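Novice: Sharing a model that was predicted from the sequence below.
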Amino acid sequence: MLVRRVIHRLGYRFRLHVKNLPGKPDLVLKRHKLIVLVNGCFWHRHQGCKRSTTPKSNQEYWIPKFEGNVTRDLKNQKALREMGWRVETIWECETKDWNKLTARLSEVFDHTDDFKKALQRLEDLEIMETVGKMQSGRKQRRRWPSGCSLSSFKPILIGHNLS
């Protein structure tokens, strides 16, 4: 949900779980020919991640299950790339740390044509929220995880080459 919220706040629009694409990808940005997969580290075997453990019991079930998941993921990604899609994977562990998530999403969207416009929308949105708070005189409902705000997202975006 957090990945979807951030991408939507940047002004990008997407479809969820498009059935006519291999593997029913999580987020499809048709205009940018971009697929964003949000994978759980445990089920999709994120290499080097502490969440990617194998249960000690019933390993004759789990090992083929995990191998099947990884094989299916690779097959679906290959098919999507052959269809002309750019496929990006966001791992569950990257969503737990706000800085990792913003850095990863910055990498993903730095390749799109509208990245500069998205950054401007982000800045405009922050200004609009500030004005709205001043006018209303009351504290607004928090939309970002605690300790995070639009201003914590901007420095990572600004560091990229936007030309």
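Specialist: Cool, the structure landed.
Novice: When you work out contacts or count neighbours from here on, use the C-alpha atoms and nothing else.
Specialist: Will do.
Novice: what kind of secondary structure is N20 in?
Specialist: Per DSSP: H, G, I helix; E, B strand; the rest coil, the secondary structure class of N20 is coil.
Novice: Let's see the pLDDT reported for it.
Specialist: Model confidence at N20, given as pLDDT, is 94.
Novice: Against which helices or strands is the strand or helix carrying L37 packed?
Specialist: Following DSSP states H and E, one finds L37 within strand 34-39. Packing partners of strand 34-39 (3 or more C-alpha pairs under 8 Å, 6 or more residues apart in numbering; DSSP states H and E): strand 27-29, strand 86-91.
Novice: Which one of these lies nearest to S52?
Specialist: strand 86-91 (11.0 Å; C-alpha to C-alpha).
Novice: how about the helix or strand where Q77 lies: buried residues?
Specialist: Using DSSP H and E, Q77 falls within helix 59-82. For helix 59-82, burial by neighbour count (16 or more other C-alpha atoms under 10 Å) applies to F66, V70, D73, N76, Q77, L80.
Novice: Buried deepest among the helices and strands packed on strand 34-39, which one?
Specialist: Highest mean neighbour count of the helices and strands packed on strand 34-39: strand 27-29, a mean of 20 (counted as mean count of other C-alpha atoms under 10 Å).
Novice: Hey, what's the angle from the strand holding L37 to strand 86-91? Just curious.
Specialist: Computed by axes from the mean of the first three to the mean of the last three C-alpha atoms, to 10 degrees, the angle separating strand 34-39 from strand 86-91 equals 20 degrees.
Novice: now strand 34-39 and helix 59-82, what's the angle there?
Specialist: Interaxial angle of strand 34-39 relative to helix 59-82 (the same axes, to 10 degrees): 170 degrees.
Novice: Could you list the low-pLDDT ranges of this structure?
Specialist: 111-163 (pLDDT under 70).
Novice: May I see the helices and strands packed on strand 34-39 organised as a markdown table, with distance to R45 added?
Specialist: Shown next, in a markdown table, are those (distance: least, C-alpha to C-alpha, whole Å):
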| stretch | distance to R45 |
| --- | --- |
| strand 27-29 | 20 |
| strand 86-91 | 10 |
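Novice: and the residue lying closest to R86 once chain neighbours are set aside, what does it touch?
Specialist: Closest residue to R86 apart from its sequence neighbours, by C-alpha to C-alpha, 6 or more residues apart in numbering: L34 at 4.8 Å. Contacts here follow C-alpha atoms under 8 Å, 6 or more residues apart in numbering; on that basis L34 touches V28, W85, R86, V87, E88.
Novice: so which of the residues you listed comes closest to K50?
Specialist: For the contacts of L34, the minimum distance to K50 (C-alpha to C-alpha) is 21.0 Å, reached by E88.
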